[in-house]
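Trainee: take this sequence and fold it.
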Amino acid sequence: MQIGARGLRGNVRRLKALLQSKFGGRRRPETAKSPEKPKLHPEENLLRIEVFRPNCRKPRRYLVIKNGNLPNGLECLPDSLRILEWTGYPSKSLPSHFNPEKLLELNMCHSCIEHFPLEIEPLYNLKTVKLSNSLNLVNTRNFKGMPHLELLFLEGCTRLYEVDPGIEVLEKLTVLKLKDCKNLVHFASRVRGLKSLKVLNLSGCSKLKKLPNDMGHLESLVEVDASGTSIQELPCSIGMLEGLVSMSLRDCKHLVCLPGSVGGLKSLKDSKISIFLVAQSLINCQMSWVWLPV
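Mentor: Here you go, the predicted structure:
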């Protein structure tokens, strides 16, 4: 089933019927090897839609929309969705009547979303959020409605200027990527609640001047990338990260000194520090020199 770009408007009713139907299309016999997958195959200037469920006792729902020209989005979405992937989502928010309590993954890269979390809560089952390159996203709000979130990708959100301190309630978050958020000025002031965080990527956040003081309490942290930021110093608590394996501070041109506690990074194997430490700056900071592999 294919819907040409020119004839898309005349088929909106059929599209809505597809999304609201019980199984997203004509039901086919279920076998272990061939789950039901009504699809619109991707072609240039064609709307691609996939709504299917694998063969399992508890059906899962998937909705994938790509290459679609739907300037006003959709008025409704099925509440049974488990995975929602909509590249280039055109609206500022999701439909007001959409109840996403069963949603496991939200993938809306290149969207027009302005705020996250969205104004639809709670999202107790949500584990993955991908909003990278959503150029209208300006800030993040309270995260209390998604306690099981594990992956958060906000890369390339160039208007994002603040990450709410409430992010520390995400105890199960393992990956946080904010790469190339060039207007990010305020990163979370407190992060010690991120007990499961393993990867933190802030590279390319050129306006970010400070890392959280309690960063050393991220006991699971393995990788940190703060390259290309405007940080002037590392928090003294960073020496508590005994499990940290990789740290990149490449092109941190404003970084003038390192805390003596850096010597406590016993597991550090991959350190990329491309800076010029002026001797006088080190004297003023009254911090000891620490040799790190480059």
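
Trainee: shaky segments in the stretch 151-294 of the chain?
Mentor: Judged by pLDDT under 70, the stretch 151-294 of the chain has its weakly predicted residues at 270-294.

Trainee: how about a cut-off of 80?
Mentor: Across the stretch 151-294 of the chain, the stretches falling below the confidence threshold (pLDDT under 80) are 257, 269-294.

Trainee: show me where it has helices.
Mentor: Counting by DSSP state H, counting those that start in this stretch, residue ranges of the helices within the stretch 151-294 of the chain are 279-285.

Trainee: which residues in it form strands?
Mentor: Using DSSP state E, counting those that start in this stretch, the strands of the stretch 151-294 of the chain run over residues 151-153, 175-177, 199-201, 223-225, 246-248, 270-272.

Trainee: any idea which of those gets closest to residue 132?
Mentor: strand 151-153 (5.1 Å; Cβ to Cβ). The C-beta positions use only the backbone N, C-alpha and C, and glycine is treated the same way.

Trainee: contacting residues around the closest one?
Mentor: 127, 128, 129, 130, 131, 132, 170, 173, 174, 175, 176, 177 (Cβ atoms under 8 Å, 6 or more residues apart in numbering).

Trainee: ok, of those, which one's closest to residue 158?
Mentor: Distances from residue 158 to the contacts of strand 151-153, taken as Cβ to Cβ, are shortest for residue 132 (10.9 Å).

Trainee: give me the pLDDT for that closest one.
Mentor: We note a pLDDT of 96 for residue 132 in this prediction.

Trainee: just the element for it, please.
Mentor: Assigned by DSSP states H and E, residue 132 belongs to neither a helix nor a strand.

Trainee: that one: what's it in contact with?
Mentor: Taking Cβ under 8 Å, 6+ apart as the definition of contact, the neighbours of residue 132 are 109, 110, 153, 154, 155, 156, 157, 177.

Trainee: quick one: contacts for residue 220?
Mentor: Shown here is residue 220, whose contacts under the criterion Cβ under 8 Å, 6+ apart are 174, 195, 196, 197, 198, 243.

Trainee: now these as JSON lines including distance to residue 96 and neighbour count?
Mentor: What follows is the contacts of residue 220, written out as JSON lines (distance: Cβ to Cβ, whole Å; neighbours: other Cβ atoms under 10 Å):
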{"residue": "174", "distance to residue 96": "31", "neighbour count": "17"}
{"residue": "195", "distance to residue 96": "34", "neighbour count": "15"}
{"residue": "196", "distance to residue 96": "32", "neighbour count": "16"}
{"residue": "197", "distance to residue 96": "33", "neighbour count": "25"}
{"residue": "198", "distance to residue 96": "36", "neighbour count": "16"}
{"residue": "243", "distance to residue 96": "44", "neighbour count": "15"}
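
Trainee: between those, which is nearest residue 80?
Mentor: Proximity of those to residue 80, judged by Cβ to Cβ, is greatest for residue 174, which lies at 26.8 Å.

Trainee: rewinding a little: now distance to residue 139 too, for the contacts of strand 151-153, in CSV please.
Mentor: Supplementary listing: the contacts of strand 151-153 in CSV, determined by distance: Cβ to Cβ, whole Å:
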residue, distance to residue 139
127, 22
128, 20
129, 15
130, 18
131, 12
132, 16
170, 16
173, 18
174, 23
175, 20
176, 15
177, 17
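
Trainee: among those, name the buried ones.
Mentor: With neighbours counted by 16 or more other Cβ atoms under 10 Å, the contacts of strand 151-153 contain buried members at 127, 128, 129, 130, 131, 132, 170, 173, 174, 175, 176, 177.

Trainee: and of those, the nearest to residue 224?
Mentor: The closest of the buried ones among the contacts of strand 151-153 to residue 224 turns out to be residue 176 (Cβ to Cβ; 10.5 Å).

Trainee: ok, the closest one touching residue 198?
Mentor: No: with contact defined as Cβ atoms under 8 Å, residue 176 does not reach residue 198; the gap is 9.4 Å.

Trainee: which neighbours do these two share?
Mentor: The contact lists of residue 176 and residue 198 share no entry, where a contact means Cβ under 8 Å, 6+ apart.

Trainee: hey, where'd the helices end up in the stretch 1-150 of the chain?
Mentor: With DSSP H, counting those that start in this stretch as the criterion, the stretch 1-150 of the chain has helices spanning 12-20.
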